[in-house]
Structures are given as structure tokens and as C-alpha cells.
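S.K.: Sequence and predicted structure, then a few things I'm wondering about:
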Amino acid sequence: MNLIKILQENRLMKTPQEINLFEETLEKIAQHPSDDSLKDLHMILDDNCQHPEIMFSLVHFLEDFDPQKQIQAFIEVIPQLMNSAPEWAKIIHYRIINDESACKLYQNSLELANQKTPHFLYQLLLESVKNNLNLPSEVMLT
């Protein structure tokens with residue numbers, strides 16, 4: 001069975017079995033990570049998850065990918081992610097902008113995305129990134 005589908009089906013983690021399946025499947029995926037699955041992995045995030053501390057393991061796994069590829073995937077799915085997981089989208093956004101090198105990649109990627117396919121979300125995120133880059137480093141957003 002498709003490992004992404006197993007994560008998707010168990011993402012709400014309502015039962016101990018769903019929690020175990022989610023964790024075991026994420027471990028299997030982590031053994032052979034693929035950039036091709038980045039967009040699908042972001043779409044696993046769900047604000048209705050019963051165990052956010054376990055869902056956070058997915059966020060950490062996403063951060064293990066090449067930052068440029070992870071950021072690009074995030075930008076491509078952000079319009080959909082804002083419907084299913086706005087809180088997780090915010091968490092990823094703030095984690096990116098609190099890492100200076102990732103923040104600069106994010107800014108460039110958002111600018112390119114907004115040129116190709118203008119979207120108000122890209123503009124809002126870009127304003128947030130620019131505001132964050134202009135803050136003194138000791139006042140970074142959390």
C-alpha cells in the first residue's frame with residue numbers, strides 16, 4: 001500500500017492504532033526520503049489531529065529535506081494547506097522565517113511564485129518575510 005496514503009488515512013490519530021500506524025509509516029518513509037513526495041507530505045498536516053506532538057514529527061521530517069526543495073513544495077501547497085491546516089501552515093511559515101538562510105530562500109521563492117501565479121497568500125507571506133528580515137535578530141518572531 002502507498003505509504004503516503006497510510007499517513008493520510010491515519011493523520012487524525014484518533015485511536016492508538018492510528019497513532020502507531022502513523023508513526024511506523026513515517027519511519028518507513030524517512031528511511032527512503034523522496035523529494036517527489038514533499039507536496040503530498042505537507043498535505044498530511046491537519047489541524048484536527050488529536051496528537052499534535054506526533055504530527056510535529058512530520059514537521060521535523062520535512063525540515064530534514066533540502067531547504068530549497070522543502071520551501072518550494074510548501075509554497076506550492078500553501079493555498080490548499082490554508083484550508084485543511086492553517087495552524088500547521090503558520091507553524092511551518094514561522095519556523096522558516098526564524099532561520100535566516102531559509103528565510104532568504106523563502107523570500108526569493110515567494111517572489112518567483114507570485115510573479116508566475118499571483119496569489120494574495122504569497123503577497124501576505126512575502127510581507128511577513130520582509131518584515132521579519134528587517135527586525136533586529138534578537139527580536140525574531142516565534
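M.R.: Received, thanks.
S.K.: Leu112: helix or strand, and which one exactly?
M.R.: helix 100-116 (DSSP states H and E).
S.K.: Can you give the distance of that helix from its chain's centre?
M.R.: Relative to its parent chain, helix 100-116 has a centroid offset of 15 Å by CA atoms, centre = their mean, to the nearest Å.
S.K.: swap in stretch 105-121?
M.R.: 16 Å.
S.K.: quick one on the thing from earlier: buried stuff in the helix holding Leu112?
M.R.: Residues of helix 100-116 classed as buried by neighbour count (16 or more other CB atoms under 10 Å): Ala102, Cys103, Leu105, Tyr106, Gln107, Ser109, Leu110, Ala113, Asn114. (Each C-beta comes from the backbone N, C-alpha and C, glycine too.)
S.K.: quick one: low-confidence ranges for the protein?
M.R.: Along the chain, the parts satisfying pLDDT under 70 run over 1, 135-142.
S.K.: make it 80
M.R.: Scanning the chain for pLDDT under 80 picks out 1, 118-120, 132-142.
S.K.: any idea how far Met43 lies from Asn132?
M.R.: Here Met43 is placed at a distance of 25 Å from Asn132 (CB to CB, to the nearest Å).
S.K.: what do you get for Glu76?
M.R.: Taken as CB to CB, the span from Glu76 to Asn132 is 21 Å.
S.K.: Great, nothing more from me.
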